[in-house]
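> the following comprises the amino acid sequence and a computationally predicted model.
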Amino acid sequence: MPRIIAVANRKGGVGKTTTTVNVATAMAAAGKKVLVIDLDPQSNASTSLGIDKHGGMISSYEVIIGERPLNEAVIWTEIPNFSLVPASPDLAGAEVELIDKPRREFALKDALGTSAVNYDYVLIDCPPSLSLVTINALVAADAVIVPLQCEYLALEGITDLIANINQIKRRFNPRLELQGVVLTMYDGRNNLTQMVEEDVRSFFGKKVYQTVIPRNVRVSEAPSHGKPVLLYDFKCPGSQAYISLAGEVLKREKELIAC
């Protein structure tokens, strides 16, 4: 069975999608078979891989509400070893449709079932809220990666998110672990960035990845070309940072599996 990693933060604009897509790309380049599930109604992960969210394909919406099996929604990308379950705007209404279903928190876990056995890793790009859709991702996951923007306001919500993760672990998913916190949009010349980094590393200790993701215009440009930044500009600082981060993620996965 694959290891399932949710990339989550209740705040938007912190780099969840960019982290999901580029860590998955680096994993695939390392020979791992990777599936990304886009669970955000904005479909940014799908767009970042050149998939038209209005293309009429089967999406994670149909999968999570139980209309279609996971394997019918999988799209092969141009990247070897990398598959995608795209999102659609219909996901915005999924919570209403799930609310009266039995095992509503387990809909995604049940959909994954034995359908994902051919993958080494499944990465889930979560919406920027603690909705029932996000809860489904955390119930299905083995671990969570939390991207954290290096700004003061980004710190305010992270303690609540960690409390939510711990609550889901107690109630629904005892195997769920915080894999790590990654600092994004990092500018070492900025005093606020340095203060945020000090606070986060002091609070979370070794859970914070050594790799930080710098502010980099090439990272911002890549989605408009329908490519991960690793394909758009392999040599730019953002690409090199995501390669390093993926290495840390894989190393921690080995440690978690060994525990």
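Alright, I've got the coordinates.
> make it CA atoms for all contacts and neighbour counts henceforth
Noted.
> give the residue spans of the stretch 1-150 of the chain that score low on pLDDT.
Applying pLDDT under 70 to the stretch 1-150 of the chain flags residues 54-55.
> can you give me the strands in it?
3-7, 34-38, 75-76, 82-85, 121-125, 143-149 (DSSP state E, counting those that start in this stretch).
> in JSON lines: those strands, plus mean neighbour count.
Output for the strands of the stretch 1-150 of the chain, formatted as JSON lines (neighbours: other Cα atoms under 10 Å):
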{"stretch": "strand 3-7", "mean neighbour count": "25"}
{"stretch": "strand 34-38", "mean neighbour count": "27"}
{"stretch": "strand 75-76", "mean neighbour count": "15"}
{"stretch": "strand 82-85", "mean neighbour count": "24"}
{"stretch": "strand 121-125", "mean neighbour count": "27"}
{"stretch": "strand 143-149", "mean neighbour count": "25"}
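> any idea how far Val21 lies from Ile65?
Between Val21 and Ile65 the computed distance is 24 Å (Cα to Cα, to the nearest Å).
> of the two, who's got more company?
Val21 (30 against 19; other Cα atoms under 10 Å).
> isn't that one right next to Pro228, touching?
Yes - in this structure, Val21 is within contact of Pro228 by Cα atoms under 8 Å, at 6.4 Å.
> dump the strands of the stretch 1-150 of the chain to JSON lines, plus distance to Lys254.
Formatted as JSON lines, those follow (distance: least, Cα to Cα, whole Å):
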{"stretch": "strand 3-7", "distance to Lys254": "10"}
{"stretch": "strand 34-38", "distance to Lys254": "16"}
{"stretch": "strand 75-76", "distance to Lys254": "26"}
{"stretch": "strand 82-85", "distance to Lys254": "20"}
{"stretch": "strand 121-125", "distance to Lys254": "12"}
{"stretch": "strand 143-149", "distance to Lys254": "12"}
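> to Val212, which of those strands lies closest?
For the strands of the stretch 1-150 of the chain, proximity to Val212 was assessed by Cα to Cα; strand 143-149 is nearest, at 10.0 Å.
> partner strands of the closest one and their direction?
strand 3-7 (parallel), strand 177-184 (parallel) (DSSP bridges).
> now those strands in JSON lines, with distance to Asp125?
Formatted as JSON lines, those follow (distance: least, Cα to Cα, whole Å):
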{"stretch": "strand 3-7", "distance to Asp125": "5"}
{"stretch": "strand 177-184", "distance to Asp125": "15"}
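> and for Leu98, nearest residue in space, chain neighbours not counted?
Spatial nearest neighbour of Leu98, chain neighbours left out: Arg104 (5.7 Å); criterion: Cα to Cα, 6 or more residues apart in numbering.
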